[in-house]
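Asks: Below is the sequence, then the predicted model.
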Amino acid sequence: MRNKDTDYLHAVARTAYLQSQLVSKGELMKAADAYSAGDAFRLLSGRQIFKDHSIDEYEHALESSLEEAYELVEEITDYSGITSVFRYHTDGHNFKVMVKNRAVDGDFSCLYKNGGTVEINVMKSEFDDKAFYHVPEVLGNAVLEAAEELARTGDSQKVDILIDNGVLALMGEKAAQLGFRCITDYVTAKIDLINFRTALRLMKMKKDTFEASKAFAEGGSFTKMELEEAYSTGFDGLTRLAEKIPQSGKVKEAITLIKQGASIGVFELQADRCFRNLFEEAGAVPFGIEPIVSYLYLKEREVRACRMVLASKLYKLSRDTIRERLGYIYAD
C-alpha cells in the first residue's frame, strides 16, 4: 500500500469541501428548539443529507448518506480500505440481529443496517454454512461462538460481548494491515476506552474479577491480564492502569467521579472528548490520510446527531433534554 502524504492531495481537498457541507451543531440546536418534529425536519431539509426525503424517510436518508460517504472515500483513496474500521461495527450489529433472530421465531429484517463491509445475504449464507470467505475469519469465529453460547445459556448479553470483541479484534487487524498511525491510534483508543468503560460498569454492578474478565477485549495499550489485575484492586487499580494510555487525564477524571457516585455517563462523555481531540489533531494535518479519516469521524457524528434530534422530537422529548444530549455527542 502507498503510504505517502502526497498520495491523497485530491482526496483531502474533496473531503474538506464535504466537511464544510455537514449539518452544524448550531443548526441542530435550532431544530431542537422547533415546535414539532415536522418543523425540526423542515429546518434541516435544505441540507444535502435530507435532499429529496420526507421526515418519514429520515432514517433511510441518514443511512444512505453515510453509505455514500464511505463509498466516495474509498473511491478517492483508490479503494484503500480505510473506511472498514468505521464500518465493521455495522457488520457486528447485523450479526447480532442474525444470531438472535435464529434463536426465536419472527422476522427481524427491519433491524438490519446498510453500510457494512459485507452484504447481508452473503453474511446469512456464510453463517448458515459455518464457513466464512467474504466475512473476515476473526469476526466469523466470534459469531459462531456467540451462536453456540446463546443456544447453551440463552444469554443474549454474551452474544453482544463476543461479537463486539470480534469487531474490535478485526479493527485491530485492519489497522495493522493499513499501516496508518492515525487509524492505529484510533483503534487502540477505541479498545482501551471500551475496556475501561466495561470495567467501570461491571465494578458498579459488583461483578467479581472472573466474571468481568469474560467481557474484556484483547488488544489496546495493555494486556487483558493487566486489566484483570487492575480490576481486582478496584478504582485505584484502574486509575493506575490509565497512566498507560494517552487519554489518561480524562479517563482518570472519569474514574474519580464514578468512584464518588457519578453515573457511567460521565465516562461516556470523557471518551467522546478523547475521540474528538484525536480527530481534531488528525484534521489539522495539512495533507495525508489524517484529514480524510477525520472527515469520516465527523460524518458519523453528523448522522448520529441528526438521528438523535429527529427521533427525540418524534418522541416529544423536551428541548432541554435534546440540547443536553447534543452536548454529549459533540463532547462539550
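Replies: Alright, I've got the coordinates.
Asks: so who does the closest residue to residue 247 other than its chain neighbours touch?
Replies: Leaving out its chain neighbours, the residue that sits closest to residue 247 by CB to CB, 6 or more residues apart in numbering is residue 274, at 4.2 Å. The way it works is simple: take the backbone N, C-alpha and C, and place the C-beta from them, glycine included. Shown in contact with residue 274 (CB atoms under 8 Å, 6 or more residues apart in numbering): 189, 193, 247, 250, 251.
Asks: Over to the spatially most distant residue from the centre of the chain. Which of the three states is it?
Replies: Most distant from the centre of the chain: residue 35, at 30.8 Å, with distances by CA atoms, centre = their mean. What DSSP: H, G, I helix; E, B strand; the rest coil gives for residue 35 is coil.
Asks: Please name the residues that touch it.
Replies: For residue 35, the contact set (CB under 8 Å, 6+ apart) is empty.
Asks: Got phi/psi on it?
Replies: When read as degrees, to the nearest 10, the backbone of residue 35 gives phi -70, psi -40.
Asks: Distance check, it against residue 65.
Replies: Shown here: residue 35 relative to residue 65, a distance of 25 Å by CB to CB, to the nearest Å.
Asks: One more: residue 22?
Replies: Taking CB to CB as the measure, residue 22 falls 10 Å from residue 65.
Asks: Next, count neighbours for residue 246.
Replies: A total of 15 residues lie near residue 246 under the criterion other CB atoms under 10 Å.
Asks: same question, residue 161
Replies: Using other CB under 10 Å, the number of residues around residue 161 comes to 18.
Asks: Need the pLDDT of the nearest residue to residue 253 once chain neighbours are set aside.
Replies: Leaving out its chain neighbours, the residue that sits closest to residue 253 by CB to CB, 6+ apart is residue 270, at 6.4 Å. For residue 270, the pLDDT comes out at 93.
Asks: Now do the contacts for residue 270.
Replies: So residue 270 contacts 250, 251, 253, 254 (CB under 8 Å, 6+ apart).
Asks: Skipping adjacent residues, who's closest to the first one in space?
Replies: In this case it means residue 250. That would be residue 270: by CB to CB, 6+ apart, it lies 4.2 Å from residue 250.
Asks: helix/strand/coil for that neighbour?
Replies: Put simply, residue 270 is helix when judged by three-state DSSP.
Asks: What of residue 288?
Replies: On the three-state scheme (three-state DSSP), residue 288 is labelled coil.
Asks: From the structure, what's the count of residues near it?
Replies: By other CB under 10 Å, 21 other residues sit near residue 288.
Asks: circling back: phi and psi next, for the residue nearest to residue 247.
Replies: With angles defined as degrees, to the nearest 10, residue 274 sits at phi -60, psi -50.
Asks: those helices in the stretch 101-250 of the chain, which residues are they?
Replies: With helices called from DSSP state H, counting those that start in this stretch, the stretch 101-250 of the chain shows them at 120-129, 137-153, 156-178, 181-204, 209-213, 224-232, 235-242, 248-259.
Asks: export those to CSV and tack on mean pLDDT?
Replies: Compiled in CSV, the helices of the stretch 101-250 of the chain are given as follows (pLDDT from 0 to 100):
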stretch, mean pLDDT
helix 120-129, 95
helix 137-153, 95
helix 156-178, 95
helix 181-204, 95
helix 209-213, 91
helix 224-232, 96
helix 235-242, 96
helix 248-259, 95
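Asks: Rebuild the ones you listed as JSON lines, extending it with distance to residue 98.
Replies: Below are those laid out as JSON lines (distance: least, CB to CB, whole Å):
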{"stretch": "helix 120-129", "distance to residue 98": "6"}
{"stretch": "helix 137-153", "distance to residue 98": "8"}
{"stretch": "helix 156-178", "distance to residue 98": "10"}
{"stretch": "helix 181-204", "distance to residue 98": "22"}
{"stretch": "helix 209-213", "distance to residue 98": "27"}
{"stretch": "helix 224-232", "distance to residue 98": "27"}
{"stretch": "helix 235-242", "distance to residue 98": "34"}
{"stretch": "helix 248-259", "distance to residue 98": "34"}
